[in-house]
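Enquirer: Need the 3D shape of this:
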Amino acid sequence: MNKWFTANDYLALMNEKKDLTITFTEILSYCKPGEQPISIEGTINGKFTRIPKGNEGWALDKLFIPEGFDQTCAEIDNETRDEYFATKPKHWEKLAEYLKGEKE
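Expert: As a prediction, this is how the structure comes out:
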């Protein structure tokens, strides 16, 4: 999507929306052959801005203000942004714990 959609394209889709709060959901799934898959969900809350801001990241990064911040992801320095996304949604940790338990 990021190859074809610019920040302004996303804004055009939301043009008449009043509520710009958003929850990004990422689902990690794992399946051993012959078994039922497991899925682990991680979410990040925030809001969109109506004006693209910042130079880093993808188109949505210029619009998305994560909960607890007053800047878009594209404005937040790389170290702070990486730390936030590494610690906020715990789904990667949950998958790692599951896989460790599979080895034991």
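Enquirer: With adjacent residues omitted, what lies nearest to the most centrally placed residue in the chain?
Expert: Centroid-nearest residue in the chain, with Cα atoms, centre = their mean: Phe24, separated by 5.0 Å. Beyond its immediate neighbours in the sequence, the residue positioned closest to Phe24 (Cβ to Cβ, 6 or more residues apart in numbering) is Ile44, lying 4.8 Å away. Quick note: C-beta positions are derived from backbone N, CA and C, even for glycine.
Enquirer: How many residues are close by the one you found?
Expert: Ile44 has 17 neighbouring residues, counting by other Cβ atoms under 10 Å.
Enquirer: That one - that's part of a strand, no?
Expert: Yes - the assignment for Ile44 is a strand, going by DSSP: H, G, I helix; E, B strand; the rest coil.
Enquirer: Look up how far Ile65 lies from it.
Expert: Separation of Ile44 from Ile65 (Cβ to Cβ, to the nearest Å): 11 Å.
Enquirer: go on, Asp19?
Expert: If you go by Cβ to Cβ, the gap between Asp19 and Ile65 works out to 14 Å.
Enquirer: got it, and Ser39?
Expert: From Ser39 over to Ile65 the distance is 28 Å, taken as Cβ to Cβ.
Enquirer: Neighbour count for these two, which is higher?
Expert: Neighbour count, other Cβ under 10 Å: between Ser39 and Ile65, Ile65 has more, with 19 against 11.
Enquirer: Report the beta-bridge partner residues of the more buried one.
Expert: Beta-bridge pairing for Ile65 (DSSP bridges): Lys47.
Enquirer: Contacts for the biggest helix by length in the chain next, please.
Expert: In the chain, assigned by DSSP state H, the helix with the most residues is helix 91-103. Under the contact criterion Cβ atoms under 8 Å, 6 or more residues apart in numbering, helix 91-103 has outside partners Glu26, Ile27, Leu28, Tyr30, Lys32, Ile38, Ile40, Glu41, Gly42.
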